[in-house]
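S.K.: quick one: sequence and predicted model below, then my questions.
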Amino acid sequence: MIIRPIQTDDRGAWQPLWHGYLEFYRAALTPEITEQTWAALCDPTSAVHGLVAEQDDQLAGLAHLILHPTTWAVRPTCYLEDLYVAKQWRGQDIARRLIEAVYAFADESGAGSVYWLTQEYNAPARSLYDTLAHRTSFVVYQR
Ligand SMILES: CC(C)(COP(=O)(O)OP(=O)(O)OC[C@H]1O[C@@H](n2cnc3c(N)ncnc32)[C@H](O)[C@@H]1OP(=O)(O)O)[C@@H](O)C(=O)NCCC(=O)NCCS
């Protein structure tokens with residue numbers, strides 16, 4: 001299993017992971033949004049970056065992140081927006097390795113911190129996150 005940056009020829013293997021992730025959130029995005037997301041992931045000048053877990057020419061999981069400036073530091077920060085491991089690959093430390101690779105990417109990119117959100121009731125994700133980061137007291141509002 002290797003964790004590596006997403007490449008343009010990953011499109012066919014990335015799409016089922018992306019759809020699995022959207023299904024997990026019961027989200028239906030328009031094809032236009034998926035196209036835009038894929039284009040951003042493949043654009044080296046974009047702030048959106050992707051990592052994938054690959055084994056035997058198959059993609060097992062993905063992490064999408066956004067590097068952005070922050071008013072609270074000189075250095076940028078890294079938002080881990082999407083994390084997904086396909087059902088048949090779960091429980092093999094793939095998500096842990098993806099997050100560790102996000103940390104390495106953030107460090108290499110000069111980001112001073114990495115942050116992400118999850119749902120209160122996402123117990124599998126939270127039990128992993130509790131071993132890798134600290135939980136903040138912030139609550140998310142959205143209009
Ligand atoms: C959450 C998710 C990414 C975890 O992927 P994974 O590769 O199975 O996770 P890992 O194997 O790296 O898990 C490592 C640790 O996380 C915890 N964990 C993972 N899955 C768990 C589960 N189903 N139940 C309890 N703990 C779990 C355990 O602490 C585990 O450590 P252990 O193997 O030593 O017990 C995966 O279940 C997933 O894609 N879920 C649907 C999408 C999602 O929730 N994404 C995150 C949104 S914020």
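M.R.: Noted; the coordinates are in hand.
S.K.: next, the buried residues of the strand or helix carrying Ala63.
M.R.: Per DSSP states H and E, Ala63 falls inside strand 58-68. By 16 or more other Cβ atoms under 10 Å, the buried positions in strand 58-68 come out as 59-67. C-betas here are computed from N, CA, C, even on glycine.
S.K.: format the residues you listed as TSV; extra columns: distance to the ligand and pLDDT.
M.R.: Formatted as TSV, the buried residues of strand 58-68 follow (distance: Cβ to the nearest ligand atom, whole Å; pLDDT from 0 to 100):
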residue	distance to the ligand	pLDDT
Leu59	13	98
Ala60	8	98
Gly61	6	98
Leu62	9	98
Ala63	9	99
His64	11	98
Leu65	13	98
Ile66	15	98
Leu67	19	98
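S.K.: where do the helices sit along the chain?
M.R.: Remark: helices assigned in the chain by DSSP state H are 11-24, 31-42, 94-108, 123-129.
S.K.: for Thr136, find the nearest of those helices.
M.R.: helix 123-129 (11.3 Å; Cβ to Cβ).
S.K.: enumerate the positions of that closest one that are buried.
M.R.: Those buried within helix 123-129 under the rule 16+ other Cβ under 10 Å are 128-129.
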